[in-house]
Every structure is written in structure tokens, then in C-alpha cells.
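J.: kindly return the folded structure for what I paste below:
(one chain, ligands or ions: 2)
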Amino acid sequence: MASASQAGPRELAPGAGAGSPGPEAAQSPWDGGKEAWRRRLREAWRAWSRTERGPVSAAICTRLQALLLGQEPWPAAGAGGALRRPALAALMLYAPLATEVDVTPLLTWARRQGLAVLLPRVDPARQVMEARQVSSWDDTEVGPWGLRQPRARCPAQPVDGSTLIVVPGLGFDRQGWRLGRGGGFYDRFLDRHPAAWRAGVVPSAMLLASVPRDEHDRRMDLVVSEAGVLGPWWGIR
Ligand SMILES: Nc1nc2c(c(=O)[nH]1)N(C=O)[C@@H](CNc1ccc(C(=O)N[C@@H](CCC(=O)O)C(=O)O)cc1)CN2
Ligand SMILES: Nc1ncnc2c1ncn2[C@@H]1O[C@H](COP(=O)(O)OP(=O)(O)OP(=O)(O)O)[C@@H](O)[C@H]1O
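T.: Ligands and ions are numbered 1, 2, ... in the order given. From the prediction side, this is the model:
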């Protein structure tokens, strides 16, 4: 982790150290709400994507595989000890932008493991996103924002307690809160599928002490970076 993380949001986030105030702190120079954070984080992602995307994405995929295979105990934040891995039947991935963690290798891998794979398909007019099942990237086409998404003929899929949703974001904090690109697509989607498990994926360079949040923001169960797995968190979600 060289240049990009030095120029990255840790520097932008004085709250990254233990005990220091987060962005909510009234005197923080990083006040300015979500839009200011999104601007800084987009810059950090651009630098990151040039140098670290390949190896860091691969390390994050490896951690997700270990979690899905039960080779790594699901960590538990509270007193109850290790959480047992839920019985998972489906993995919801996303088609990554160049400035996101590359999870594309997980599609083929998950299919080989016998998991159903879901991808988001967006309806920009209605501002909603739904999950459709795909067998391979051949089942996708280019959609809004140039993102690949399942073809219209792909079957809609129930998203329940046996589904792990892998969630991209501009930034996540160490309590499981997420800052997305501002469409509210994932927040609304997670509201409609409260039983599913949610794992945010983020390079540690974009893992912050805290991110600004609104009432409608939804929390992750796990946050996976190349450095480790955080969560799960109990309570508000
Ligand atoms: N890979 C991926 N798929 C996703 C999301 C996502 O964040 N990442 N979404 C999560 O909601 C939904 C789509 N929402 C999106 C919102 C903005 C941009 C985007 O490219 N924003 C650019 C600016 C684009 C422009 O202005 O033309 C940016 O953020 O730099 C992409 C997807 C559903 N699918
Ligand atoms: N559950 C919800 N119900 C209705 N509107 C919502 C909901 N969640 C978010 N929104 C709307 O979406 C807009 C964008 O929300 P926010 O800035 O939190 O997006 P985001 O989570 O960063 O984006 P994304 O999930 O697309 O990456 C907000 O103005 C909000 O009004």
C-alpha cells in the first residue's frame, strides 16, 4: 500500500486514528457532508485504480471466498463468540466500475461452488434496482452508466436470508456504514430485502473512522477489506 493510500482518505479523515473525532465533529475540516466526502473519495479511487486495483481486489475476493467456504469464522463483534456461517445459497455481486473493487472473478467461482449468482439490474426511471440471476457474464448487457447488467430475460430472484449481497461503495466506516454514489439504489434495495446478509467490500485505503449518514442509510453486516473482515454488528441496520 504505497502512494495511493498516502494520498488517500486517511489523510482526508483525521478521524481515522483511534479515539479522534469523526466527520460529525463540529470543528472537523472535513465537514461538508456527503458531497464533499464523495469528491475526495472519487479522487482517491482514481489514484487507487491505477496502481492497487488488481492485487487488492484479488485479496478481497480471496477473503470473501474463505468466508463463503466457512474456512474463516465469521467474526463477531459482541460477546457471543464466533458467529456461525449462515447457510448461503446465493451470492449477489455487482459489475464493477473501473474505480471499484473488481469482484468479477467471483461469478465463475461461485457458480462452480453451486451458488446462484445475482446481479443488479436498474430501472433509472423508477430509481430502483432488482436482482436477476445469471449463469455467466454472457447473460449480461451494457446498461445505464456503462455498467453490465443482467439481460431483461434473466429471471428475477428472491433475495432472502440465504443470500449474501456484496455491496460496492465509495467508502465504508469501521462500524459498517456506507457512502455510495448518491443514487440511493442500494439503500432502497436493502430496505426491500432485510433478511439478506450484506458485505461491503472496500480497500483499506477507503475504510474510514466514520462516514456521514442519514436516516435512510443502511448498515452492512460485514465489511471486507484486503486487511481483514469487520463486523458483524448487532442492532440498528
Ligand atoms: N458497480 C456498481 N453497480 C451499481 C451501483 C454501483 O454503485 N456500482 N449502483 C449503486 O447505486 C447502482 C447504479 N448507480 C450508479 C450511480 C452512479 C454511477 C456513476 O458512474 N457515477 C459516476 C458519475 C457518473 C456520471 O455523472 O455520469 C461517479 O460516481 O463518478 C454508477 C452507478 C446499481 N449498480
Ligand atoms: N430507503 C429509501 N427510501 C426512499 N428514498 C431513499 C431511500 N434511501 C435513499 N433514498 C433517497 O436516495 C437519495 C440518495 O441517497 P444516498 O445519498 O444515501 O445514496 P447512496 O447510498 O450514497 O447511493 P447508492 O446506494 O446508489 O450508491 C437520497 O436523497 C434519498 O432521498
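
J.: got any ranges where the chain has weak pLDDT?
T.: Low-confidence regions of the chain, defined by pLDDT under 70, span residues 1-32, 73, 75-84.

J.: that one against ligand 2: which residues are in contact?
T.: 34, 179-188, 191, 214, 216-217 (Cβ under 6 Å from any ligand atom). Where C-beta positions appear, they are placed from N, C-alpha and C, glycine not excepted.

J.: identify the farthest-apart pair in those residues.
T.: Lys34 and Asp191 (18.3 Å; Cβ to Cβ).

J.: neighbour-wise, which of those two wins?
T.: More crowded of Lys34 and Asp191, by other Cβ atoms under 10 Å: Lys34, with 19 against 11.

J.: next one: phi and psi at that one?
T.: Backbone dihedrals for Lys34, given as degrees, to the nearest 10, come out at phi -60, psi -40.

J.: quick one, helices of the protein?
T.: Using DSSP state H, the helices of the chain run over residues 3-6, 9-12, 33-51, 53-69, 105-112, 185-192.

J.: ligand 1: which of those is closest?
T.: helix 185-192 (3.4 Å; Cβ to the nearest ligand atom).

J.: could I have the CA atoms of the closest one written out in CSV?
T.: Extracted C-alpha coordinates of helix 185-192, given in CSV (Å, rounded to 0.1, in the frame of the first residue of the first chain):
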residue,chain,number,x,y,z
PHE,A,185,-30.2,2.4,-5.1
TYR,A,186,-28.6,0.1,-2.5
ASP,A,187,-30.4,1.7,0.5
ARG,A,188,-33.7,1.2,-1.2
PHE,A,189,-32.8,-2.3,-2.3
LEU,A,190,-31.6,-3.3,1.2
ASP,A,191,-34.8,-2.0,2.7
ARG,A,192,-36.8,-4.3,0.5
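
J.: neighbouring contacts of it?
T.: For helix 185-192, the surrounding residues in contact (Cβ atoms under 8 Å, 6 or more residues apart in numbering) are 120, 122, 127-131, 159, 165, 167, 169, 178, 180, 196, 198, 216-218.
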